[in-house]
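**Student:** Compute the structure for the input listed below.
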Amino acid sequence: MKYVCQVCGYVYDDDKETVPFASLPDDWTCPLCKAPKSAFKAEEEKKEEAAFDFGADADVTKVSAGQMAALCSNLARGADKQYKQEISELYTELADYFTKITPAVDDIGVDKLAELLAKDVKNYPGARAIADENKDRGAARAIVWGEKVTRMLQSLVEQYQKEGDKMLADTDIWLCTACGFVYIGDAPPEKCPVCKVPAWKFDKVEGR
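**Tutor:** Numbering: from 1, shown residues only. Okay, the predicted model is just below:
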């Protein structure tokens, strides 16, 4: 049996390992991206075909300033990854603008954040099915990256729920400037577990 990390794609192969995946301790983490054991799925396990749920009161024709900031930021990263620096800088300017005009929100708390991330993860199979049905390769690719980032955030929140502030004690936080992957450790990984760019593409998060 093979188990795949839903964040970085690392494969744990029972046939090649000395310990079966099911027998690994609950606090075992992915050796590449440090995602928890719960982030792994059996290779042959089919993703649940959930209907895409925007929410009962959602108006999909309207996009908030915060959503525009996130969209432009992701587009900037995508352009940077393709070495289109000028386009990346323009998207970054737009992202900065929308960030500035985004209204402040109350602290929703870690548990509520975990709940919202879980809902987003559940929606991705339905969103991917819509993109595939319409043969929209660009949307499908964006959905794949979006799911990876959402699962990465979910794994960090899950870890924080278990460890609290100890999770960030005596260590550093590194951000991949290409895909947004967050790594916690004394030094960035030699290669981003998600998008495979080298360590120099990571920025150290200061002033946290």
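**Student:** what's the burial count for residue 115?
**Tutor:** 12 (other C-beta atoms under 10 Å). C-beta: built from backbone N, CA, C; applies to glycine.
**Student:** Relative to residue 109, how far out is it?
**Tutor:** 10 Å (C-beta to C-beta, to the nearest Å).
**Student:** Verify the stated contact: residue 101 with residue 65.
**Tutor:** Yes. The pair residue 101 and residue 65 qualifies as a contact (C-beta atoms under 8 Å) at a distance of 5.0 Å.
**Student:** who's more crowded, those two?
**Tutor:** Neighbours were counted for residue 101 and for residue 65 using other C-beta under 10 Å; residue 65 has more, 14 against 10.
**Student:** Find the helix or strand that the residue positioned nearest the centre of the chain is a member of.
**Tutor:** For the chain, residue 149 is the residue whose C-alpha lies nearest the centre (C-alpha atoms, centre = their mean; 1.2 Å). According to DSSP states H and E, residue 149 maps onto helix 137-163.
**Student:** Any buried residues in that helix, and which?
**Tutor:** 140, 142-143, 145-160 (16 or more other C-beta atoms under 10 Å).
**Student:** picking up where we left off before, so what's the residue nearest to the centre of the chain up against?
**Tutor:** 179, 180, 181 (C-beta atoms under 8 Å, 6 or more residues apart in numbering).
**Student:** Now with 7 Å, please.
**Tutor:** For residue 149, the contact set (C-beta atoms under 7 Å, 6 or more residues apart in numbering) comprises residue 180.
**Student:** now it: how far from residue 181?
**Tutor:** Distance from residue 149 to residue 181, by C-beta to C-beta: 7 Å.
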